[in-house]
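Enquirer: here's a sequence, model it:
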Amino acid sequence: MARRKTNTGIPGLSFSWKRALGISQARQKIARATGIPTTRAGVERKIGQLILKKLFKL
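Expert: Below is the predicted model:
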């Protein structure tokens, strides 16, 4: 398995511009306030759950 290269050049240390700008925190706040996830997998999981509830009326 190939080693993953970090964008800082220092092993074990990485930098995220989204976290630095506060985008990650803003997305978390929106997701918690609305109850709607902001990730693709989370949205798909939520939609699937809603469909199953409607089909089986649980």
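Enquirer: where in this structure is pLDDT low?
Expert: Where the chain drops to pLDDT under 70, the residues are 1-8, 58.
Enquirer: which residue is nearest the centroid of it?
Expert: By Cα atoms, centre = their mean, the mean C-alpha position of the chain lies nearest to T39, the distance being 4.0 Å.
Enquirer: what about K46, how many residues nearby?
Expert: 13 (other Cβ atoms under 10 Å). Yep, even glycine has a C-beta here, placed from its N, CA and C like the rest.
Enquirer: and the helices in this protein, which stretches?
Expert: Using DSSP state H, the helices assigned to the chain run over residues 17-21, 23-34, 40-56.
Enquirer: how about those helices in JSON lines, adding distance to I10?
Expert: Output for the helices of the chain, formatted as JSON lines (distance: least, Cβ to Cβ, whole Å):
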{"stretch": "helix 17-21", "distance to I10": "16"}
{"stretch": "helix 23-34", "distance to I10": "21"}
{"stretch": "helix 40-56", "distance to I10": "30"}
